[in-house]
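> Below are the sequence and a predicted model; questions follow.
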Amino acid sequence: MIGDISIPCYVLEDETRVLTVSGLSEGIGLARGGSMVAGMNRLELFVSRKLLKPFVSNELTDRIHNPLVFITTSGGKAYGYPAEILVELCEAILAARQAGVLQKQQLRFAQQCEILTRGLARVGIVGLVDEVTGYQQIRAKNALETILNQWLAKELQPWRKQFPDEYYKRIFELNGWPYDPGSVKRPGVIGLWTNDIIYGRLGPGLKEQLEDYAGRDDEGKLRHHLHRYLTTGHGIPELQTHLAGVVALMRASTNWKQFKEMLQRAYPKPKTTLSMAFDDLEQIG
C-alpha cells in the first residue's frame, strides 16, 4: 500500500523485489483490461508514445519491454518489474508534465505519480530511521512475539484430531507405499516430514517454540502432539488452513519429488531461500 494505492509485490528467490505488470500499470492510473497491441502491454505502449518517450531513458524503456517472468506462491505464472522501476517511471511522467507536453487526459497519470512519490517519501524516511537506529530488528522481533502470543497456548490443550486421514493417505500414495485406511501405523519419517511440511512453514520460530512447550523424553521423542499447544482462536485455524493447502498440493502432484517442489514454492520456509529449504527437505525426504 502506497497511500490509497495497492500494488501486488513479491520477493523472488534471488531477493529481487518485483511489482506485477498489471499492478504497476493500474498504480499509475492506466485503465484495466485491454489486449496486447503489436505484442506490447499497456505500460509498454504508454512509454512508447511520442510525447513521453523523450523523458524515458533507454534503460528504463528496455526494462519495461522485458518484464520478469516468475511463479507466484499460488503456483501461477506472473510478469513483473523490479520495484525501483516505479520511482523511475513516476519521475519520467512528472518531468513530462513539468515540460508541458502531457495531453489533458494524461494529466491524471501525473496526479497518480504525485501520490505515489509522496507516499514513497513518507515510507522511505521511516525505513531510513529504522535502519540507522536498528529499530527494524526490534520491529521484526515485536511482530514475531505478537504472532507467538496469538498462536501459542502455554498450557496443554485437550487432544482433538487435527490431521485428516487424506493427509497421510496422500503421503503414502506419492511415495508408492501401500495404504491401509484401518491402520494407524506409519513410518517414523512421516513425523519428521510433518515437522517440516506443516509446523516448519506456519511461521518463523513457531515450530521451535512448540517443541519447547511439548518437551522430549529420554529417547528424544516429543512428549505431546505439537498442535495441542496451539490456540483455538488463531493457532488451530491457521494450522487447518495450511493443512488444506498442503493436501491440495498433494492432490495435484504425481510423485513425492514434484510435491516437494510445489510445496516450497507455495509455502517457503521462513528465513530461507528456495534452494536452501528444498535441500533441507531433500535430506529428510
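All right, it came through fine. Numbering: from 1, shown residues only.
> make it CA atoms for all contacts and neighbour counts henceforth
Will do.
> buried sites along stretch 109-121?
Residues 109, 110, 111, 112, 113, 114, 115, 116, 117, 119, 120 are the ones in stretch 109-121 that count as buried (16 or more other CA atoms under 10 Å).
> right, I mislabeled it, should have said stretch 144-158
So stretch 144-158, judged by 16+ other CA under 10 Å, has buried residues 147, 148, 151, 152, 153, 156.
> Please name the residues that touch the closest residue to the third one other than its chain neighbours.
If you skip the residues right next to it in sequence, residue 151 has residue 235 as its closest partner in space, 4.1 Å away by CA to CA, 6 or more residues apart in numbering. By CA atoms under 8 Å, 6 or more residues apart in numbering, the residues touching residue 235 are 150, 151, 152.
> What about those residues, which are in helices?
Cross-referencing those against helices under DSSP state H gives 150, 151.
> ok, so of the contacts of residue 235, who is nearest residue 264?
The closest of these to residue 264 turns out to be residue 151 (CA to CA; 22.6 Å).
> my guess is residue 79 meets residue 18, correct?
No - in this structure, residue 79 is not within contact of residue 18 by CA atoms under 8 Å, at 9.0 Å.
> who's more crowded, those two?
Using other CA atoms under 10 Å as the criterion, residue 79 and residue 18 rank with residue 18 on top: 23 against 16.
> can you pull the contacts of that one?
Here residue 18 is in contact with 9, 10, 11, 12, 80, 81, 82, 83 (criterion: CA under 8 Å, 6+ apart).
> Just the element for it, please.
strand 17-20 (DSSP states H and E).
> Then residue 239 would be within a helix, right?
Yes - assignment of residue 239 by DSSP: H, G, I helix; E, B strand; the rest coil places it within a helix.
> measure it to residue 56 for me?
48 Å (CA to CA, to the nearest Å).
> Equivalent analysis for residue 211, please.
Counting by CA to CA - residue 211 and residue 56 are separated by 55 Å.
> helices and strands around the helix or strand harbouring residue 138, which ones?
Assigned by DSSP H and E, residue 138 falls within helix 135-151. For helix 135-151, the elements it packs on are helix 107-133, helix 235-252, judged by 3 or more CA pairs under 8 Å, 6 or more residues apart in numbering; DSSP states H and E.
> what is the rounded mean pLDDT of the first one?
This points to helix 107-133. Average pLDDT, helix 107-133: 78.
> Equivalent analysis for the last one, please.
Mean pLDDT, taken over the full extent of helix 235-252, equals 93.
> And the helix or strand that that helix is followed by, what's buried?
Per DSSP H and E, the first helix or strand lying C-terminal to helix 235-252 is helix 256-266. By 16+ other CA under 10 Å, the buried positions in helix 256-266 come out as 256, 259, 260, 261, 262, 263, 264, 265, 266.
> what is the orientation angle of helix 256-266 with helix 235-252?
130 degrees (axes from the mean of the first three to the mean of the last three CA atoms, to 10 degrees).
> what about residue 157, distance to residue 149?
Taking CA to CA, one finds residue 157 at 15 Å from residue 149.
> what about the helix holding residue 138, distance to the chain center?
Chain-centre distance of helix 135-151: 18 Å, with CA atoms, centre = their mean, to the nearest Å.
> Between helix 235-252 and it, find me the angle.
Going by the same axes, to 10 degrees, helix 135-151 makes 90 degrees with helix 235-252.
> which other residues reach helix 135-151?
Here helix 135-151 has contacts from 127, 129, 130, 204, 205, 206, 230, 231, 233, 234, 235, 236, using CA under 8 Å, 6+ apart.
> next one: stretch 255-263
Contact with stretch 255-263 is made by 75, 171, 174, 175, 197, 246, 249, 250, 252, 253, 278, 281, as judged by CA under 8 Å, 6+ apart.
> How about the contacts made by the fifth one?
Each residue near residue 197 by CA under 8 Å, 6+ apart is listed here: 246, 263.
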